[in-house]
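**Q** Turn this into a model:
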Amino acid sequence: MELFLLRHGLAVERGTAGIVNDADRPLTPHGRRQLHKIAAAMWQMKLSFDVILSSPLLRARQTAEIVAKELKLKKRPAFADELQPGGNAKILIQSLAALKPPPENVLLVGHEPDLSNLISWFVTGTTGAGFALKKSGLAKLEIKKLRAGKCATLAWLLTPAQLKLMR
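**A** You can find the predicted model right below:
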């Protein structure tokens, strides 16, 4: 399995007038434009996903939907509570392992520090290994057998600036 992790794009700040809950913070216009460029880079890289799972928070949902649309994917993103901030990684892994048929390429869209901790956990077996995924950053993990703990190799971790150079 190739597991890709994408942090949501730039969202409006907490405390923005008219937005009461953190879950309702949308992408900014700049964040949306940047994600279209990131998705164009993903297209140039010939990335495609059998499954896109996203945090249900608005900014992550919007990120996943932009990517799915730009890559012309037939399947719409699905939403997983385990990808929201503080979500349960073990339940996320169980959900991924239960997918039939087993997907070859999966995109997870979520938040920090959870995505970096997930990368760390899959690569080293512990969290807090010092990975940092910037907003709209993308990482690729190669996994032979999906399980909790050390099971992956970090193929690459790209910043938004690096991705934009690829389009």
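**Q** mind listing what the residue nearest to residue 25 when sequence neighbours are not counted touches?
**A** Leaving aside its sequence neighbours, residue 25 sits nearest to residue 11 (CB to CB, 6 or more residues apart in numbering; 4.5 Å). No exception for glycine: its C-beta is placed from N, CA and C like everyone else's. Taking CB atoms under 8 Å, 6 or more residues apart in numbering, we find residue 11 in contact with 25-28, 31, 58-59, 135.
**Q** which strand residues sit across from residue 11 in the sheet?
**A** residue 27 (DSSP bridges).
**Q** rewinding a little: pull the most distant pair out of the contacts of residue 11.
**A** Longest distance between any two of these is 14.5 Å, between 58 and 135; criterion CB to CB.
**Q** any chance you could map the helices in the protein?
**A** Taking DSSP state H as the test, the helices found in the chain are 29-44, 58-70, 89-97, 114-124, 160-165.
**Q** The fourth one to helix 89-97, inter-axis angle?
**A** Put plainly, it is helix 114-124. Interaxial angle, helix 114-124 versus helix 89-97 (axes from the mean of the first three to the mean of the last three CA atoms, to 10 degrees): 80 degrees.
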